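Peer 1: Take this sequence and fold it.
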Amino acid sequence: MLSLCVTLSSPLIEILYLFDSHSYLVCQLVHKGQRKMDWDTLPEWARDYLRSDPRAITFRQPAEALIVAGHKRVENRTMKWRPDTIRDRWVALHAGKKKSDHGTFRPTIEALIDDPPCSVIRAIAHLKDIIPHSESTVAEFGEYATGPYCITIRHLYVLHKPLTGIGGHLNFWKLLPQTVHALAHSIVHHGVTALY
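Peer 2: Here you go, the predicted model:
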């Protein structure tokens, strides 16, 4: 494969990315001021994720914080997403700008999580499936599985150096090239912890 390393301004990279979501992978475009990443130094799971249409899911805190801390292994959604977009897929977990009250769980959550950060990516998860809420779902994933649809998590890797100042979008959204590069750099140079 042709390896081409060029330096472009951030806005131009974003325009190219929106035009062709894979062009930056083929040409290995590098965000201004950053070095070209050596993809071979990444763990296999991270290389597969970052080089194949990498996406993220945005959460309202403290939902992301509960997952990153290992207290919650499921994400609840009001609408059922297509199973093929969820099942057996890697995704970055993004904490959005807004926070949620979490109702009756609030006292328990406040005891576990203290002032969780927003606009950050702190973990990459391997999603298992999306399933309807049921008694068996609660039995397997605990009280945080409230549904009506539950996205279950198989594996979770927590970044030792999170990415901050990251804006999010609805549903599954594509990571911009500079975010992909920053994730790869964080994994290679700072490491991750496999939580489960």
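Peer 1: Could you list the low-pLDDT ranges of the protein?
Peer 2: Counting by pLDDT under 70, the ranges of the chain that qualify are 1-38, 102-108, 110-111.
Peer 1: residue nearest the centroid of it?
Peer 2: In the chain, the residue lying closest to the centroid (Cα atoms, centre = their mean) is A92, at 1.1 Å.
Peer 1: does that residue really touch F59, like I thought?
Peer 2: No - between A92 and F59 there is no contact, the gap being 10.9 Å when judged by Cβ atoms under 8 Å. Where you see a C-beta, it was placed from the backbone N, CA and C, and this is true even at glycine.
Peer 1: thinking again about what came up before, spatially nearest residue to the residue nearest to the centre of the chain, not counting backbone neighbours?
Peer 2: In this structure, A92 finds its nearest non-sequential neighbour in A56, 3.9 Å apart by Cβ to Cβ, 6 or more residues apart in numbering.
Peer 1: any idea how far T137 is from that neighbour?
Peer 2: When distance is defined by Cβ to Cβ, to the nearest Å, A56 is 24 Å away from T137.
Peer 1: Tell me which of these two has more neighbours.
Peer 2: A direct count of neighbours by other Cβ atoms under 10 Å for A56 and T137 places A56 higher, at 21 against 18.
Peer 1: Got the phi and psi for that one?
Peer 2: Comment: the main-chain dihedrals of A56 come out as phi -140, psi 160, following degrees, to the nearest 10.
Peer 1: Next one: it from R77, what distance?
Peer 2: From A56 to R77 the distance is 15 Å (Cβ to Cβ).
Peer 1: Next, count neighbours for the residue lying closest to T137 once chain neighbours are set aside.
Peer 2: Closest residue to T137 apart from its sequence neighbours, by Cβ to Cβ, 6+ apart: A145 at 4.7 Å. Each residue near A145 was counted by other Cβ under 10 Å, and the total is 22.
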